[in-house]
Structure formats: structure tokens, C-alpha cells
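Participant: requesting a structural model of the entry that follows:
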Amino acid sequence: MSIEMQLRAMPESEIQEDWAWLEKFMGDAGDFDRFQAERRDGIAEVVEYHFPALHEVYRAAYTLQGSQDWELPVFGGSAVYHATHNRPPFLILRPVQVHEVASFLTAVSFDDLWETARPKVLPPFSDFDEAEVKGWFLSHHTDLRTFYNRTAPTGHSVVKAFWY
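Facilitator: Numbering: from 1, shown residues only. Below you'll find the model as predicted:
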């Protein structure tokens, strides 16, 4: 079983704010070939395993700039909960929020974020070389920046699922 955050872009008008519908929609991304095709088309992205720590890297933006936009790329959006609240919620970013994320990820310096966040982010990865760990997070950051920058001009929303 993998631990990942999946993102899929779609027109806001097509989204149903219903947990079961979102589970099916996001679950369809479980078809590996389909999801990879969606990634190539720029309408889907994934961050495996490291997404909570990536959130901490983005939290450094608050320290550096006082920006609240750091919350949006990973755990931001309107939550749609399972009726029993025993499953992770799906998150929906509206088009205006997608634009905010794209602007934030374009404007922020990853190196500055890393320098501020590294004391908190690095310890769990102490068995690895820091350059390797930084490279993982830079890759995630680059992928998210590309995804959000491709999505923002379309006016689409982004649905996020967290699979544990």
C-alpha cells in the first residue's frame, strides 16, 4: 500500500461535493496507465510519501514572508468528509485558489524555503545525504509548480486525495 497525495484537475461545475462520488472519481486514478496518461496530459499529479514534510517546507514561507498561501499546495482547500469521519477527507481547491497556489509556487524561492525548513524537515531522513533529501523535495516542488501552473489558466479546480 502506498502513501500518497493525488491531485486531479477538472472543471468546478463537474465536481460533486459528495464523499462517495469523490472516492470513485479519485479512485479511478488507481488505474496506473490512466493516471500516468493524465499526468502526461497535465491534469493529474502525485506526491508520494513526503507530502506532510513538503507541507512543512512550504510553512517556511510564513516565516520568510508572512504569506498564508503556504497552506494551499498540500493541505489547503475545502474539505469533504466521510459521514463517519473515519477516512481522510478529500480537499477541493477552487479556481481562484489554484491561481493563488500557482502564483505562490512560482514566486517562492525553493532554496530559501529549504534553508528555513531544513532543521525541522531533515531529522527523519538522517540516514540519507542532505543533498539527496533536498533533491526529493525540489522534485516534488517542481512537479507541483508545473501542475498548478498548467491548471491555473484552464480555470479548473483541483481535487486532492490522501491515500494511506
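Participant: please count neighbours and contacts with C-alpha atoms only from this point.
Facilitator: Noted.
Participant: distance of the closest residue to P89 other than its chain neighbours relative to P124?
Facilitator: When the adjacent residues along the chain are set aside, P89 lies closest to Y81, with 4.5 Å between them (C-alpha to C-alpha, 6 or more residues apart in numbering). Relative to P124, Y81 is positioned 30 Å away (C-alpha to C-alpha, to the nearest Å).
Participant: one step back: what pLDDT does the model give the residue nearest to P89?
Facilitator: At Y81, the model reports a pLDDT of 96.
Participant: distance of it from F147?
Facilitator: 25 Å.
Participant: who has more neighbours out of these two?
Facilitator: F147 (24 against 17; other C-alpha atoms under 10 Å).
Participant: who's the closest residue to E12 other than its chain neighbours bridged to?
Facilitator: Sequence neighbours aside, S157 is the residue nearest to E12 in space, at 5.2 Å (criterion: C-alpha to C-alpha, 6+ apart). Residues in a beta bridge with S157, per DSSP bridges, are M10.
Participant: now the phi/psi pair for the residue with the largest distance to the centre of the chain, please.
Facilitator: Note on the chain: the largest C-alpha distance from the chain mean falls to D127, namely 25.3 Å (C-alpha atoms, centre = their mean). With angles defined as degrees, to the nearest 10, D127 sits at phi -80, psi -10.
Participant: and it, what's its pLDDT?
Facilitator: Taking D127 on its own, its pLDDT is 97.
Participant: residues in contact with it?
Facilitator: Applying C-alpha atoms under 8 Å, 6 or more residues apart in numbering to D127 gives no contacts.
Participant: i'd like the first residue to be 11 from this point on
Facilitator: Done: numbering now begins at 11, and the last item shifts to D137.
Participant: roughly how far apart are it and H166?
Facilitator: Shown here: D137 relative to H166, a distance of 40 Å by C-alpha to C-alpha.
Participant: can you name every helix or strand that the lengthiest helix in the chain contacts?
Facilitator: Determined from DSSP state H, the single longest helix within the chain is helix 140-161. If you count contacts as 3 or more C-alpha pairs under 8 Å, 6 or more residues apart in numbering; DSSP states H and E, helix 140-161 packs onto strand 54-58, helix 61-75, helix 105-117, helix 120-131.
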